[in-house]
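Quick one, fold the following:
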Amino acid sequence: QVQLVESGGGLVQPGGSLRLSCAASGLTLENYNVAWFRQAPGKAREAVSCIYNSNSGKIYADSVKGRFTISRDNTKNTVYLQMNKLTPEDTAIYYCAADQYVGSTSWFLSSLYDVWGQGTQVAVSS
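Numbering: from 1, shown residues only. The predicted structure is shown next:
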């Protein structure tokens with residue numbers, strides 16, 4: 001069974017940090033482009049970051065550039081999202097998604113991803 005499972009969400013104060021994990025089963029994650037998306041209440045799903053399968057190239061949304069870092073550990077079949085300097089605007093459910101063919105000009109399109117996790121809640125509040 002192909003599955004992505006996110007973890008690491010929680011409640012954090014502004015300026016704090018969290019590390020999200022996206023663990024895969026039933027697929028070898030290093031063969032996939034893996035992205036993080038987020039969805040805040042009442043808002044559309046937003047692409048946050050993507051790490052590519054070919055060269056582990058990384059791309060970030062402008063809203064998180066310089067604060068978030070995406071990485072992968074192929075030995076653990078897991079992709080991470082390190083989130084620093086969190087603000088209330090980062091509050092959302094965070095999802096990871098995987099696809100083998102998404103390109104650098106379309107990574108932000110959620111409809112292109114075949115496999116999705118169930119999401120993990122991140123809340124930033126004092």
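
is it true that residue 111 lies in a helix?
Yes: judged by DSSP: H, G, I helix; E, B strand; the rest coil, residue 111 forms part of a helix.

Grab the most central residue of this protein for me.
The structure's the chain has its C-alpha centroid closest to residue 36; by Cα atoms, centre = their mean the separation is 2.1 Å.

and it, helix, strand or coil?
State at residue 36, reduced to three classes by three-state DSSP: strand.

Check what pLDDT the residue nearest to it when sequence neighbours are not counted gets.
Of all residues not flanking residue 36 in the chain, residue 48 sits nearest, at 4.3 Å (Cβ to Cβ, 6 or more residues apart in numbering). C-beta coordinates here come from the backbone N, C-alpha and C atoms, glycine included. Residue 48 is assigned a predicted lDDT (pLDDT) of 98.

count of neighbours near residue 48?
Number of residues near residue 48 (other Cβ atoms under 10 Å) recorded here: 25.

elements contacting whichever strand or helix holds it?
In the assignment (DSSP states H and E), residue 48 maps to strand 46-51. Under the contact criterion of 3 or more Cβ pairs under 8 Å, 6 or more residues apart in numbering; DSSP states H and E, strand 46-51 touches strand 33-39, strand 58-60, strand 68-73, strand 78-83.
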